[in-house]
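[1] Fold the following for me, if possible:
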Amino acid sequence: MTRVKRFRKLLQSKEIIVSPGVYDGYSARLVEQMGFKTACSTGAGLANSRLAVPDTGVMGLTDNLDAVRMMARAIDIPLMADADTGYGNPVTVFHTTRYFEEAGVVGINIEDQVSPKRCGHMEGKSLIDMREMARKIEAACDARRDDDFVILARTDAISVEGIDNAIKRAKLYEAAGADMIFADAIKSEEQIKQLVNAVSLPVSVNIGFGIRSRPTTPLIPIKRLHELGVKRVTIPRILPAAAILSMRKALEALMDSTSSDVVPDRTDLLTDIDDIWNLMGESNVAAQELKYLDLDSIKI
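    Sure, this is the predicted structure:
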């Protein structure tokens, strides 16, 4: 079964889909190794880690595509991609959808912000006309070669126009052919329930672990989100936030060791090199070397 079909099967199941956000080979492989059934690319994580810029629309289409292509080929579980605004008008979205489908992901998010966009949890967002966004959704659906490829319509309307207009947009995007609805920066259980009740599509919610100082979406337990009718929850910040904290602690230990006799190879801070090799599939490469580099076994 293809990954696209596996993801569709998950959408049709009774369980909630939990998709940690990934941004490089380490994070993608770890999510798969830990037993999660899906992952999603984090646009903010990619912009931050690859370009060292905020998620304010600086990262372009090719940067995004290159990143998700490499992550998709590195794992077997379904990976959905954040395609930002689709990088242009509805005609551009048609080609953007084709590019992402060819990259090996199982679906894309497209959002209704103006370009350049910004992280959904930032202030100062602006939206395009909902009719233009509906056309973007229509173009994306027409562009996909596999009908199971998922088109997720994201609206950022809650913090700009309020929940009523967000629901109005969601209904229009559903009519345009979207497979899933995602209202970013949703503010309460009540708003989640309103959205779930308003549309017949699966609803995705984004939980911002790692932004405790200013969460726009409350940190609702995943079990409770399931009870509210949410089908998919993404956690885009948990891995980059954990990585930054761990790297900072390791570098602090290294800095402290420069003026002492202590070696900064601490098991409480650093994973073993064998763990890294295992994560990267070193044993598979070793087996390939034995098979393909043995020229003496070939009879001429």
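
[2] now the one helix or strand M71 maps to: mean pLDDT?
    Assessed by DSSP states H and E, M71 sits inside helix 61-74. Averaged across helix 61-74, pLDDT comes to 98.

[3] try stretch 13-27
    For stretch 13-27, mean pLDDT rounds to 97.

[4] For it, buried residues please.
    For stretch 13-27, a neighbour-count test (16 or more other Cβ atoms under 10 Å) marks 16-25, 27 as buried. In this view, the C-beta of every residue, glycine as well, is placed from N, C-alpha and C.

[5] what's the spacing between stretch 244-255 and its chain's center?
    From the chain centre to the centre of stretch 244-255 is a distance of 26 Å (Cα atoms, centre = their mean, to the nearest Å).

[6] Regarding the protein, what is its longest helix?
    Criterion DSSP state H: the longest helix present in the chain is helix 238-257.

[7] who touches the helix or strand just after that one?
    Downstream of helix 238-257, the next assigned helix or strand under DSSP H and E is helix 273-279. Identification of contacts with helix 273-279 by Cβ atoms under 8 Å, 6 or more residues apart in numbering yields 26, 29-30, 33, 283.

[8] do the same with stretch 224-236
    11, 15-21, 40, 42-45, 180, 189, 192-193, 196-197, 202-209, 220, 222.

[9] Mind giving me the PyMOL select for those, buried ones only?
    Buried members of those, defined by 16+ other Cβ under 10 Å, are picked up in PyMOL with:
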select buried, resi 11+16+17+18+19+20+21+40+42+43+44+45+180+192+196+202+203+204+205+206+207+208+209+220
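
[10] Could you tell me which of the contacts of stretch 224-236 belong to helices?
    11, 43-45, 189, 192-193, 196-197, 222.

[11] Any chance of TSV for those residues, columns distance to G86?
    Formatted as TSV, these follow (distance: Cβ to Cβ, whole Å):
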residue	distance to G86
L11	22
G43	12
A44	17
G45	19
E189	30
I192	25
K193	29
V196	25
N197	28
I222	29
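
[12] can you tell me which two in those are farthest apart?
    Checked with Cβ to Cβ, the ones in helices among the contacts of stretch 224-236 reach their widest spread between G45 and N197, with 31.6 Å between them.

[13] list the contacts for E174?
    153, 181, 199-201.

[14] Domains in this structure, by residue range?
    Using automatic domain parsing, the domain ranges for the chain come out as 3-236, 244-292.

[15] among these, which is the most enclosed?
    The highest mean neighbour count among the domains of the chain, using mean count of other Cβ atoms under 10 Å, belongs to domain 3-236: a mean of 19.

[16] now it, how far from the chain's geometric center?
    That offset, for domain 3-236, works out to 7 Å (Cα atoms, centre = their mean).

[17] Straight-line length of that domain, end to end?
    Using Cα to Cα, to the nearest Å, the span of domain 3-236 from its first residue to its last is 21 Å.

[18] Also stretch 274-291?
    End-to-end distance of stretch 274-291 (Cα to Cα): 22 Å.

[19] State the mean pLDDT of it.
    Per-residue scores along stretch 274-291 average to 93.

[20] for stretch 160-177, same thing?
    Mean predicted lDDT for stretch 160-177 stands at 97.

[21] which of the domains of the chain has the lowest average pLDDT?
    When the domains of the chain are compared by mean pLDDT, domain 244-292 comes last with a mean of 90.

[22] Relative to E102, which of the contacts of E174 is nearest.
    A153 (21.2 Å).

[23] and that closest one, what does it touch?
    Counting by Cβ under 8 Å, 6+ apart, A153 touches 110, 112, 133, 137, 170, 173-174, 176, 178, 180-182.

[24] got it, and I207?
    I207 sits in contact with 217, 219-220, 222, 225, 233-235, where contact means Cβ under 8 Å, 6+ apart.

[25] Next step: those residues restricted to strands.
    Counted as lying in strands by DSSP state E, out of the contacts of I207, are 233-235.

[26] for those residues, which one is nearest F7?
    Relative to F7, the closest of those is T234; by Cβ to Cβ it sits at 13.4 Å.

[27] Please name the bridge partners of that closest one.
    On the basis of DSSP bridges, T234 is bridged to S19, N206.

[28] how close does it sit to K223?
    16 Å (Cβ to Cβ, to the nearest Å).

[29] and what of A72?
    Counting by Cβ to Cβ, the gap from A72 to K223 is 29 Å.

[30] Please apply the same query to K171.
    K171 sits 28 Å away from K223 when distances are taken as Cβ to Cβ.

[31] now swap in E132 and tell me
    Going from E132 to K223 by Cβ to Cβ gives 37 Å.
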